[in-house]
Structure formats: structure tokens, C-alpha cells
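Student: Need coordinates for the below:
(one chain, ligands or ions: 1)
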Amino acid sequence: MSTGLIQPKLIIHGGAGSSLKGKAGADAVRRSLYAVITEVYELLLAGTDAKSAVIRGCQLLEDDPRFNAGTGSVLQSDGQIRMSASLMDGTQQRFSGVINVSRVKNPIELAEFLQTSDDRVLSDIGALELMRELQLPYYDPLTKIRLQEWILEREGNFDKAMAGVVAERELVSEAGRGTIGVVVLDSHGRLATGTSTGGKGFERIGRVSDSAMPAGNYANAHAAISCTGIGEDIIEECLAARIVVRVTDGMPLLKAFECSFQEAHSRKRDFGAIGIAADGTIAWGKTSEVLLAAYHDGEKMGDTLEMGPGTQTQCRVSLV
Ligand code: GLY
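Tutor: Model (predicted):
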């Protein structure tokens, strides 16, 4: 007899950007991503709902100093860390987020709280007030390597477009575009997505990331998408919402990725995205050199680390 439950799906990313240096770089990132996939997929098999699984996945990625979100976030031009995160529950089509928050361990937890608030997106001072209200302890997400990176860039007058995609200097060839993201289809068919970032790094004070906008993180009952890369490019393509609307209007997820990434390629955009549709299709795409993503399709884990250079879109179709 059918239980009415479906096989959960999960895809996560740890940024997109320039090539990782050699196989050692890819292996180190793969280990980090697979550890998160393993923990979150077990939760999904145990019946955890999509939104809670997304929050847990984001916490784990925010806590990994390798990635540019939470601990290990990059510094802005004035040497301060300002992080942004958002959460979208596809079932309720509800978006919440925080913009340019400091001194918090897991920005996604503020987004989680705001899901049930009348005011669902808060910026710096408001987010700080919320932290006080929730009695969250102050936390310094600064790591030594990010500080060293900032000092070096300051000497170079901040001429890089963005900070490194992952923290270890030896793993990255040049500039990258770090963000983390988690997309889930749970065993009841509910979709959710979360995205969190330290921003581009070395940017102007007050610059706002796409990660706490529907352009960078969007979901409804049909599809859920998380983006990574140059925020300005993602905003101008309205990438996450664009893919979700295409799927809602009847386009299969992979086709929606293909159309959106062809358009992005023609406009020389620099980013990547991951997503899941309600039919269980998992898809990803990039215009940047690499996309650091991994997934669980219900049968096994896989990743996007060996994808070749250039604009590409791919998917895993497995029945729900
Ligand atoms: N996608 C992250 C940022 O541009 O801030």
C-alpha cells in the first residue's frame, strides 16, 4: 500500500567562481559538501520538513569556514563583515531575510524567525535589534585567512571584483564568488530554499547582496532556486524568480535553466544556480568557471565539481 510519501531530493552549493586548484582543491570542497548532504538527507529520510532541512543545511554551511557565509565570511572595504541571508518556504510562498547583519553566528536563524513575522526582511540595525530580542549571543565570524586576504587586497587598493570563492588560498586560482545555498523537496512534496552570504568582499559599505532578494533565492509550490555569483548580475537577470516563473508556467526545470542561462550567457553574466522542481527534477547551471554544488537524488550523491568550463546546464531526473 502506498504511504503517499515521496523520495526527498536535496541540492546544496558552496559558491561559484574561478577554477579550484587541482584535484586536491576539488576533493577538499567535495568532502565538506558531502558531509552536509549526508546529515541533511538523513533528516529528510526521518521526516524533517523542507524548511527545517534547509535551515539545518544553511547552518552547517555557514559554520564551515571554507565557505563565504557565516564563519569565514569575507570583509567589506572598511574591514567589517556584513552578511545577508534569506529563506523561502515554497508551500506558503513566503520569503524572509536579513541584509548586512554583523556579529551573528547563523544569519539564516534570523531569517527563520522572520518567517512568522509581519515584517519579513530586516536590514542592519533592525536585525541587530532582533538579535537582542532573541537574546542571540554576539559572535565574531572573522577568520584569520579572511583577514589576511583583506589586508592583501587593501595593499592592492581592492582592485579585485570579488573575494575568493572558498577560504583556502591554495585551493583557488583567482577571484571567486562565494555564497552558500540549500534547496529541498521533502517527503511530502514541499519545496524550500535558503541562501546565505558574506557578500562579494571588499565592496562599498551598504552594498546589498542578491542573497536576501527573490532574485537570488526564490520558491513556490512548483520549483525552488538558490543562486550564487556576482550579485549585481543575478539581480539584473532576476535569476531565481525567473526560473521559478518559467516552471510555474509549464516549462520543465531543465528547459527553464537552459533558457535562463542562454540569456545570461549572451549578456556575459557571471553566476550559477541550483534548483529542484516539484516533479523531483534536480538541476543546476553556471556561466562561471566552476559551480561548487552537490546533491542527493534519492539513490546516490553526486556533484558538479568536474563540470567543464563555460556556460552549462545539467539535471538529474529521478522519479519522486
Ligand atoms: N551572490 C553574493 C553577492 O553578490 O553578494
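Student: low-scoring stretches of the stretch 51-200 of the chain, by residue?
Tutor: 158-177 (pLDDT under 70).
Student: residues from it in reach of the ligand?
Tutor: 179, 197, 199-200 (CB under 6 Å from any ligand atom). For every residue, glycine as well, the C-beta is placed using N, CA and C.
Student: ditto for the stretch 201-320 of the chain
Tutor: Residues of the stretch 201-320 of the chain lying near the ligand (CB under 6 Å from any ligand atom): 209-211, 228-231, 234.
Student: can you pull the contacts of the closest residue to the ligand within the stretch 151-300 of the chain?
Tutor: Distances between the stretch 151-300 of the chain and the ligand by CB to the nearest ligand atom are smallest at G231, namely 2.5 Å. By CB atoms under 8 Å, 6 or more residues apart in numbering, the contact set of G231 is 197, 199-200, 208-211, 216.
Student: If we use 7 Å, what do you get?
Tutor: For G231, the contact set (CB atoms under 7 Å, 6 or more residues apart in numbering) comprises 200, 209-210, 216.
Student: Inside helices: which ones of those?
Tutor: Among the contacts of G231, DSSP state H puts none in helices.
Student: What's the local residue count around the residue in the stretch 1-150 of the chain positioned nearest to the ligand?
Tutor: For the stretch 1-150 of the chain, the residue closest to the ligand is S84, as judged by CB to the nearest ligand atom, at 6.8 Å. Using other CB atoms under 10 Å, S84 has 32 other residues around it.
Student: Can you list phi and psi of it for me?
Tutor: Phi and psi for S84, reported as degrees, to the nearest 10, are phi -130, psi 150.
Student: cool, the one 5 residues further on as well?
Tutor: Here the main-chain torsion angles of D89 (degrees, to the nearest 10) amount to phi -90, psi 110.
Student: got a list of what it touches?
Tutor: Counting by CB under 7 Å, 6+ apart, D89 has contacts 51, 115, 192.
Student: Narrow the residues you listed to those in helices?
Tutor: Using DSSP H, those in helices are K51.
Student: And the buried ones among the contacts of D89, selectable in ChimeraX?
Tutor: Listed next is the ChimeraX selection for buried residues among those, using 16 or more other CB atoms under 10 Å:
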select :51,115,192
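Student: is it true that E232 lies in a helix?
Tutor: Yes. Counting by DSSP: H, G, I helix; E, B strand; the rest coil, E232 is found in a helix.
Student: In space, what's closest to it - neighbours in sequence excluded?
Tutor: The shortest distance from E232 to any residue other than its chain neighbours is 7.8 Å, reached at D210 (CB to CB, 6 or more residues apart in numbering).
Student: I55: helix or strand, and which one exactly?
Tutor: helix 50-63 (DSSP states H and E).
Student: wait, I meant L130
Tutor: With DSSP H and E as criterion, L130 is part of helix 124-134.
Student: do you know how far M301 is from the ligand?
Tutor: Noted for M301: a distance of 25 Å to the ligand, by CB to the nearest ligand atom, to the nearest Å.
Student: ok so, going back, right, and the residue of the stretch 1-150 of the chain closest to the ligand touches V98 too?
Tutor: Yes. Between S84 and V98 there is a contact at 6.4 Å, judged by CB atoms under 7 Å.
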